[in-house]
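Trainee: generate coordinates for the sequence data below:
(one chain, ligands or ions: 1)
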Amino acid sequence: MNQFHRFINLLLGVCLIGHGGAAAGAQDQATNSSPNIVIIYADDLGYGDLGCYGDMPSVTPRLDRMAEQGARFTDFYSAQPVCSASRAALLTGCYSNRVSIVGALSPAQHYGLNHQEVTLAQLVKQKNYATAIYGKWHLGHHPDFLPKTFGFDDYYGLPYSNDMSPLPEDNPGSEPKKQFPPLPLIAGTTAIATSPDQSQLTTSYTEHAVKFITDHRDRPFFLYVPHTMPHVPLRVSSKFAGKTGRGLYSDVMAEIDWSVGQILDTLEQHKLTERTLVIFSSDNGPWKVFGNHGGSPGPLRESKGTVYEGGVRVPCIVRWPGHIPAKTVIREPAIMMDWFPTIARVTGCQLPAQPIDGRDLWPLLTVPGTKSPHDALFFYYRDCELQAMRSGRWKLLFPHEVGSTEGIVLGRDGVSGRGIRRQIGLELYDLQEDLSEQRNLAESHPDVVAALQKQADAMREELGDRLQQKIGKAVRPHEDFPASTQ
Ligand code: MG
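Mentor: Okay, here's the model as predicted:
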């Protein structure tokens, strides 16, 4: 290194300290204390479903209070608007198509997340964290692909979605899914029941979570609670049935809120509140086609399974008293895989050698005025089609076929409505002025479209795009189940 380069490096170091000094201080503090990590992940909960995001009377007082005690993101995105893909991104820090997990894996599929990938649980094992998942896994149902093979010490829950069941009552109004085996409830690697009473799932996940915190109160832990609810078929325990007076969906939400409260109260009981980073989010937007059994996207357009904002923008609240300022509202764009490097930072763990897509959110959480760490976010769906992207205030949708609920009769009481498919062209929206994506500005802003297209082309080289028959050079494969079991 010559003298000039030494000077430049010194200058960069000074700039970085000046820009992120508070964050670096917090990192050191966090690293020294090995904070506990709790992630609570709802399934198909919409942007408008929490009191702190919605304009309806709230049924989620504990989550609303959690947002008051910490930070609430207004522009937080799921990596893909569907179950397995979203979870793959959360747990690996990568766009789901980088790790070749897209869509929702069914019991008929013969692959799962590749064991070459590093999950959040494996990441924090570097620091000897105790790890557990209580809830829906959905990254491969074969015993050799269940959570305990990906760094989790303990697992209790469903291996995939609760509607992937042959029981007629789990898919009312549809042909029974006779091709699927009875829905298993798994503890560790063993199915301990089939077709479990789903009204007890939220309670039993919560009981496991509370016991895990209590048992591990004297050492660092990572607890992941991916709820089965409020994914249809909706089920609620007798404690909450009819409690809100606003229908089953609200009762289910009230029970999830209770569950969050149980976890937060247990942390408080063991004096762990200030030693624990708690994150709450949803895997994708609401399944609106189910009408009163689907959630609400609030003011956002469309819902689950689309890359309009209603499909990909989700609630996200995070709390860590003493580290993240209370009543923080973050309006910069961020995305689910960002938690991976953020958690690596606060736990002092080393990132994996292979590339990831997430960016550290710690400066955004702790230093007012920090900008999004992303120049652009890319929204893939259905066979790795690059269907949309966001850069700053601009959102560009590429021509593709959308599964739409606009103008249809929505479903009711667990029976789905009939969605329609429609082809869209190039659509440009200014999200700052037009949150509901109603005014297409593509024709009047060709310069913006061209600039975004250029960014999209670079991403297509990297991760591919089925819409343009492009295979990405940096895509890593999923992993097939052992041949004898296929
Ligand atoms: Mg989902």
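Trainee: list phi and psi for the residue nearest to the spatial centre of the chain.
Mentor: Centroid-nearest residue in the chain: Asp283, 3.8 Å away (criterion: Cα atoms, centre = their mean). For Asp283, the backbone dihedrals (degrees, to the nearest 10) come out as phi -70, psi -30.
Trainee: off-centre distance for stretch 318-325?
Mentor: Mean C-alpha position of stretch 318-325 versus that of the full chain (Cα atoms, centre = their mean, to the nearest Å) differs by 20 Å.
Trainee: okay, buried residues for it please.
Mentor: Buried residues in stretch 318-325, counted by 16 or more other Cβ atoms under 10 Å: Val318, Arg319, Trp320, His323, Ile324. Placement of C-beta: from N, CA and C, glycine included.
Trainee: among the residues you listed, which are in strands?
Mentor: Among the buried residues of stretch 318-325, DSSP state E puts Val318, Arg319 in strands.
Trainee: could you give the mean pLDDT of stretch 331-351?
Mentor: Stretch 331-351 shows a mean pLDDT of 98.
Trainee: kindly report the same for stretch 220-239.
Mentor: On average, stretch 220-239 scores 98.
Trainee: just to revisit the earlier point, quick check: the residue nearest to the centre of the chain touching Gly46?
Mentor: No: the pair Asp283 / Gly46 is not scored as a contact, 11.4 Å apart, by Cβ atoms under 8 Å.
Trainee: what residues are shared contacts of the two?
Mentor: Overlap of the contact sets of Asp283 and Gly46 (by Cβ atoms under 8 Å, 6 or more residues apart in numbering) consists of Val314.
Trainee: up against the ion, what does the stretch 301-450 of the chain have?
Mentor: Residues of the stretch 301-450 of the chain lying close to the ion (Cβ under 5 Å from the ion): none.
Trainee: where does the closest residue to the ion within the stretch 301-450 of the chain land in three-state SS?
Mentor: The minimum distance from the stretch 301-450 of the chain to the ion, using Cβ to the ion, falls at Lys304 (6.5 Å). Following DSSP: H, G, I helix; E, B strand; the rest coil, we place Lys304 in the coil state.
Trainee: and for it, the neighbour number?
Mentor: Other residues near Lys304 come to 29 when the count uses other Cβ atoms under 10 Å.
Trainee: re earlier: which pLDDT value belongs to the residue nearest to the centre of the chain?
Mentor: The model reports Asp283 with a pLDDT of 98.
Trainee: OK, contacts around it?
Mentor: Here Asp283 is in contact with Tyr41, Ala42, Asp43, Asp44, Ser78, Val82, Cys83, Ser86, Arg87, Leu90, Pro226, Val314 (criterion: Cβ under 8 Å, 6+ apart).
Trainee: hang on, the earlier thing: surely the residue of the stretch 301-450 of the chain closest to the ion touches Ser296?
Mentor: No: with contact defined as Cβ under 8 Å, Lys304 does not reach Ser296; the gap is 11.8 Å.
Trainee: find the residue closest to the residue nearest to the centre of the chain in space, skipping its chain neighbours.
Mentor: Ser86 (4.0 Å; Cβ to Cβ, 6 or more residues apart in numbering).
Trainee: mind giving me the packing neighbours of the host helix or strand of the one you found?
Mentor: Element membership for Ser86, per DSSP states H and E: helix 83-92. Contacts defined by 3 or more Cβ pairs under 8 Å, 6 or more residues apart in numbering; DSSP states H and E place helix 83-92 against strand 36-42, helix 120-125, helix 339-347.
Trainee: for the ones you listed, give me CSV that also has mean neighbour count.
Mentor: Formatted as CSV, these follow (neighbours: other Cβ atoms under 10 Å):
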stretch, mean neighbour count
strand 36-42, 25
helix 120-125, 22
helix 339-347, 23
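Trainee: among those, which comes closest to Ile408?
Mentor: Comparing the helices and strands packed on helix 83-92 against Ile408 with Cβ to Cβ, the closest turns out to be strand 36-42 (24.7 Å).
Trainee: TSV for the helices and strands packed on helix 83-92, including distance to Ala209?
Mentor: As requested, the helices and strands packed on helix 83-92 are exported to TSV (distance: least, Cβ to Cβ, whole Å):
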stretch	distance to Ala209
strand 36-42	8
helix 120-125	15
helix 339-347	18
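Trainee: what's near enough to touch Gln387?
Mentor: The neighbourhood of Gln387, defined by Cβ under 8 Å, 6+ apart, consists of Val307, Phe379, Tyr380, Tyr381, Leu397, Phe398, His400, Leu467.
Trainee: excluding its backbone neighbours, what's nearest Ile343?
Mentor: Ile37 (5.7 Å).
Trainee: that neighbour bridge partners, please.
Mentor: Phe222, Leu277 (DSSP bridges).
Trainee: from memory it sits against Leu277, does it?
Mentor: Yes: with contact defined as Cβ under 8 Å, Ile37 counts as touching Leu277 (5.3 Å).
Trainee: shared neighbours, the two?
Mentor: Each of Ile343, Val346 lies in contact with both Ile37 and Leu277 under the rule Cβ under 8 Å, 6+ apart.
Trainee: so the closest residue to Pro182 other than its chain neighbours bridges to which residues?
Mentor: Nearest residue to Pro182, sequence neighbours excluded (Cβ to Cβ, 6+ apart): Thr194, at 3.8 Å. Bridge pairing for Thr194 (DSSP bridges) gives the partners Pro184.
Trainee: show the contacting residues for the closest residue to Leu158 other than its chain neighbours.
Mentor: Spatial nearest neighbour of Leu158, chain neighbours left out: Lys136 (5.0 Å); criterion: Cβ to Cβ, 6+ apart. Applying Cβ under 8 Å, 6+ apart, we find Lys136 in contact with Asp43, Cys83, Gly157, Leu158, Pro159, Tyr160, Ser161, Asn162, Pro226, His227, Thr228, His231.
Trainee: the last one and Asn162 touch, don't they?
Mentor: Spelled out, it's His231. Yes: applying Cβ under 8 Å, one finds His231 in contact with Asn162, separated by 5.9 Å.
Trainee: neighbour count winner among the two?
Mentor: The neighbour comparison of His231 against Asn162 (other Cβ under 10 Å) goes to His231, with 28 against 20.
Trainee: phi, psi of the nearest residue to that one once chain neighbours are set aside?
Mentor: Nearest non-adjacent residue to His231, counting by Cβ to Cβ, 6+ apart: Asp43, 4.0 Å away. Main-chain torsions, Asp43, degrees, to the nearest 10: phi -110, psi 110.
Trainee: doesn't Met229 make contact with Asp43?
Mentor: Yes: the pair Asp43 / Met229 is scored as a contact, 6.5 Å apart, by Cβ under 8 Å.
Trainee: picking up where we left off before, tell me the secondary structure at the residue nearest to Leu158.
Mentor: coil.
Trainee: could I get the phi/psi values of it?
Mentor: The phi/psi pair for Lys136 (degrees, to the nearest 10) reads phi -90, psi 130.
Trainee: for it, give its distance to Asp43.
Mentor: 6 Å (Cβ to Cβ, to the nearest Å).
Trainee: swap in Tyr95?
Mentor: Tyr95 is 20 Å from Asp43, where distance means Cβ to Cβ.
Trainee: ditto for Leu183
Mentor: Per Cβ to Cβ, Leu183 is found 14 Å from Asp43.
Trainee: over to Val99?
Mentor: In this view, Val99 and Asp43 are 20 Å apart by Cβ to Cβ.
Trainee: residues contacting the nearest residue to Arg87 once chain neighbours are set aside?
Mentor: Nearest in space to Arg87, with sequence neighbours left out and distances taken as Cβ to Cβ, 6+ apart, is His138 at 5.5 Å. His138 makes contacts with Cys83, Ser84, Arg87, Ala104, Leu105, Pro159, Tyr160, Ser161, Pro226, as judged by Cβ under 8 Å, 6+ apart.
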